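Engineer: Give me a model of this one.
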Amino acid sequence: MTKKNIILIDAPSSNEDLEFVHGIEEKTNTKWEVKYYVSNDRSSKIKEVFRYCKYFYYPLLIFIYKNKYDKIVAWQQFYGLLLAFYCKLFRVKKTFSLIVMTFIYKRKSGWLGKIYYLFIKFVLNSNYIDKIIVFSQNEVNYYFGLFPCIDKFVYVPLGIEKMTNLQIDNKLRQQKYILSVGRSNRDYRFLYETLKDTEFQVKILSNSVNLLPTDNIKIHTNVFGQEMYHLLNNCFCVVIPLADPEISSGQLVLLQAMQLGKPCIVTESKGISDYITNDYNGIIIKKEKEALIKALQKLFSNDNLYIIMSQNAILEYEKKYSLKILGNNIGNIIKSIP
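Structural biologist: The predicted structure follows:
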């Protein structure tokens, strides 16, 4: 029986996924299939519970039919981690190569945090995982420090899908608003306290914000998908305020903004310097009020700088961060596995 190569994706099917698949196929010279196991619905508490249940259920399906597969790429990290957990728990023979993508480990407090750490360490130490993909160079060293002797972490630049069917909204663009969006590792209070009662118009899109709107700051807790892309496409610039500079986050929003030519201001983070060259395709600042105000004034007052930075952002996305290029990079890693 000819074994299959599969990619496990936690999202509905998309034509853009084909770019990623073609990128892998181009480098490995083998055929790949995609299995869409959607489990990312956070719209209610009940669906949040079901989301976690699906994290365990879908990898169990792959485990049951594991002998059908030669190579597995888990785009959703928990699909790969839990597949390795089942294999290690039942001590089955390793019959496939497994790459885990989008790995992020967040420290948790208390005894639950200790259990979670031991669980992740237990899984990562298994021989069922061949490579773990992270999206910043710093994470390779950071996770090696957290999980000593686990030498499986590999840095690959993130790649994202091309956003299409976006409309220019002149009424929105006239507002020249600053957009800040995202859930993970954000310090919206810093942004809020810095820009409230200023002349800057701000829109914050996140369902994890517990702040009251002001005359110049609007809070949107239920904006996702195409509506979010619409607001991103028509903003003036993007600010990404990060809470913990050690945690890799913000790259997805950064690349979405770059693709649309929106200059980004990002607070210092060890994971962001792989994507931004300061004052070339974005601005990196210390997380200080004066630094943020100065960076915004620079963008709002210098049209030439704004245009150049916008053009550079688009060029950087096209050269380095498409899904096709991500697929090529993952394909090269797959080829390196014995």
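Engineer: from here on, contacts and neighbour counts on C-alpha atoms
Structural biologist: Will do.
Engineer: Doesn't residue 239 belong to a strand?
Structural biologist: Yes. Assignment of residue 239 by DSSP: H, G, I helix; E, B strand; the rest coil places it within a strand.
Engineer: Not counting sequence-adjacent ones, nearest residue to it?
Structural biologist: Spatial nearest neighbour of residue 239, excluding adjacent residues (Cα to Cα, 6 or more residues apart in numbering): residue 265 at 4.7 Å.
Engineer: And for the helix or strand containing the one you found, what's in contact with it?
Structural biologist: Applying DSSP states H and E as the criterion places residue 265 in strand 264-267. With contacts defined as Cα atoms under 8 Å, 6 or more residues apart in numbering, strand 264-267 is touched by 237-242, 254, 257-258, 272, 281-287, 292, 295.
Engineer: Within its sheet, name the partner strands of it and how each one runs.
Structural biologist: Neighbouring strands of strand 264-267 in its sheet, by DSSP bridges, are strand 237-240 (parallel), strand 283-285 (parallel).
Engineer: chain center to that strand: distance?
Structural biologist: From the chain centre to the centre of strand 264-267 is a distance of 16 Å (Cα atoms, centre = their mean, to the nearest Å).
Engineer: next one: stretch 88-100
Structural biologist: Relative to its chain's centre, stretch 88-100 lies at 26 Å (Cα atoms, centre = their mean).
Engineer: Can I get it in CSV? Just the C-alpha atoms.
Structural biologist: Extracted in CSV, the C-alpha atoms of stretch 88-100 (Å, rounded to 0.1, in the frame of the first residue of the first chain):
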residue,chain,number,x,y,z
LYS,A,88,4.1,7.7,23.1
LEU,A,89,1.3,6.7,25.5
PHE,A,90,0.6,3.5,23.6
ARG,A,91,4.3,2.9,22.7
VAL,A,92,3.6,2.2,19.1
LYS,A,93,6.3,1.8,16.5
LYS,A,94,7.3,5.0,14.7
THR,A,95,6.1,4.7,11.1
PHE,A,96,5.9,8.3,9.9
SER,A,97,7.8,11.6,9.9
LEU,A,98,6.1,14.4,11.9
ILE,A,99,6.6,18.2,11.7
VAL,A,100,4.8,20.4,14.1
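Engineer: The residue most central in space within the chain: what secondary structure?
Structural biologist: Within the chain, one residue has its C-alpha closest to the average C-alpha position: by Cα atoms, centre = their mean, that is residue 252, at 4.5 Å. Following three-state DSSP, residue 252 is assigned to helix.
Engineer: For residue 105, grab the count of nearby residues.
Structural biologist: When neighbours are defined as other Cα atoms under 10 Å, residue 105 has 13 of them.
Engineer: again with the one 5 residues further on
Structural biologist: One way to gauge burial is a neighbour count; for residue 110, by other Cα under 10 Å, it gives 8.
Engineer: and what of residue 286?
Structural biologist: 13.
Engineer: My guess is it contacts residue 245. True?
Structural biologist: No. Using Cα atoms under 8 Å as the test, residue 286 is too far from residue 245 to be in contact (10.4 Å).
Engineer: what do the two both touch?
Structural biologist: Residues touching both residue 286 and residue 245 by Cα under 8 Å, 6+ apart: residue 268.
Engineer: contacting residues around residue 234?
Structural biologist: Residue 234 neighbours (Cα under 8 Å, 6+ apart): 168, 169, 170, 172, 173.
Engineer: Kindly report the same for residue 321.
Structural biologist: By Cα under 8 Å, 6+ apart, the residues touching residue 321 are 157, 158, 159, 160, 255.
Engineer: which SS state does the residue nearest to the last one when sequence neighbours are not counted fall under?
Structural biologist: Read that as residue 255. Nearest residue to residue 255, sequence neighbours excluded (Cα to Cα, 6+ apart): residue 317, at 6.8 Å. Following three-state DSSP, we place residue 317 in the helix state.
Engineer: What lies in contact with whichever strand or helix holds residue 73?
Structural biologist: Taking DSSP H and E as the criterion, residue 73 maps to strand 69-74. Strand 69-74 has contacts (Cα under 8 Å, 6+ apart) with 3-9, 80, 95-101.
Engineer: In helices, which of these appear?
Structural biologist: residue 80 (DSSP state H).
Engineer: Now list the buried members of the contacts of strand 69-74.
Structural biologist: Taking 16 or more other Cα atoms under 10 Å as the criterion, what is buried in the contacts of strand 69-74 is 4-9, 80, 96-101.
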